Each structure stands twice: as structure tokens, then as C-alpha cells.
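> using only what follows, build the 3D model:
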Amino acid sequence: MILLISIACISYLLLTNYIVIGLKKYQPEKESDIDNDHELTRFSVLIPCRNEAARIKSLLKSIENLQYDLNCYELIFIDDYSQDDTYEMLNQFKAFNDQLDVKLLKNNGATGKKSALSYGIDHAKYALALDFKKDLTFSIVLAITDCE
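Down below sits the predicted model:
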């Protein structure tokens, strides 16, 4: 009887030890090791501009500091008949940040934000489009399908 209890205790200790050692060897994949490119939302950012040269520098700086996969979004600036240096500033930004997907368009329709947004949507690569307002808040303009 003592022999059976001894064998059961030794077997229990060996099995427990085996499980503990196995758990120590198991290391789950770190989140940074997982390729999340397919999980990120792809979108177009529509930024209609009209005479924004005095205010646009802060927006451009925040875009440069954005921490999001560069392959998952595009920036579409729509110049709505600006009479100041807005278009030239955007052109310099595009040239300096060639790693970004930037489209610089001149609205060829009627003047106004609605027309500029419509023109930008026509040139958007992705079905999900975000419209940035002057206070740098955004709204979803269009969400049709999940684009690849």
C-alpha cells in the first residue's frame, strides 16, 4: 500500500514538473511580432483648403508626427481657389514628405467645401474617407466597403 502511494506521489510530482517546465518554455508571440498590416483600416483623408496659409502649418506638423502605417492612408488636399500661399505651402510639404501618399488637387468645380469634398472623393483611393475641419476634428464622409 505504501508502495502504491509512493508511486502515485512520484508520478504526480513528475507530471507536475513536466507541465511547469513546458509552460516555462512556451512563449506566446509578442504583439510587435505579429504582422498587423492586414488588420489596419485603410482610409483617405480629405482636407479642403481655402486661404489657410496662416493656419495650415500646425496641421502639416501633426501629419508629420502621425504614428500610423504609411501604406494605410492617403492625404488629399483640395485647394478651393485659394488666393494666398496655401497651394505653394502644400506643394512644399508634398515634396519634403515624399514617403507620404499625398495628392494635391485644385478644385475645378463650384467653389465651397461641399464641391471640394465631392472632388476629393472622386480622386480617393479608399472607400473610407475622413474630412478634417478647421478645428482639426474629423467626420466620416463616406464608408461604402472595406477596401484592400
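> other SSEs contacting the helix or strand hosting Phe77?
Phe77 belongs to strand 73-79 when assigned by DSSP states H and E. Helices and strands touching strand 73-79, by 3 or more C-beta pairs under 8 Å, 6 or more residues apart in numbering; DSSP states H and E, are strand 43-49, helix 86-96, strand 102-106, helix 113-122. All C-beta atoms are positioned from the backbone trio N, CA, C, and that covers glycine.
> buried residues of the second one, list them for me.
Burial within helix 86-96, assessed by neighbour count using 16 or more other C-beta atoms under 10 Å, is assigned to Thr86, Tyr87, Met89, Leu90, Phe93.
> residue contacts, the first one?
Right, the one you point to is Thr86. Cys49, Arg50, Asn51, Glu52, Ala53, Ile56, Asp79 (C-beta atoms under 8 Å, 6 or more residues apart in numbering).
> same check, this time on Leu75
Leu75 sits in contact with Val45, Ile47, Ile63, Leu100, Asp101, Val102, Lys103, where contact means C-beta under 8 Å, 6+ apart.
> now it: how far from Glu39?
Leu75 sits 21 Å away from Glu39, going by C-beta to C-beta, to the nearest Å.
> surely Leu40 and Tyr126 touch.
No. Using C-beta atoms under 8 Å as the test, Leu40 is too far from Tyr126 to be in contact (11.6 Å).
> of these two, which one has the most company?
Set Leu40 next to Tyr126 and count neighbours by other C-beta atoms under 10 Å: Tyr126 wins out with 21 against 12.
> and the more buried one, what does it touch?
Per C-beta under 8 Å, 6+ apart, neighbours of Tyr126: Arg42, Phe43, Ser44, Tyr73, Glu74, Cys147.
> could you do Ala53 as well?
Residues in contact with Ala53 (C-beta under 8 Å, 6+ apart) are Ser82, Asp84, Asp85, Thr86, Met89.
> Ile5 now?
Counted by C-beta under 8 Å, 6+ apart, Ile5 has zero contacts.
> start at 499, not 1
Yep, numbering from 499; the last one is Ile503 now.
> tell me the SS of it?
When classified by DSSP: H, G, I helix; E, B strand; the rest coil, Ile503 comes out as helix.
> tell me the strands beside the strand holding Phe575, with direction?
strand 541-547 (parallel), strand 600-604 (parallel) (DSSP bridges).
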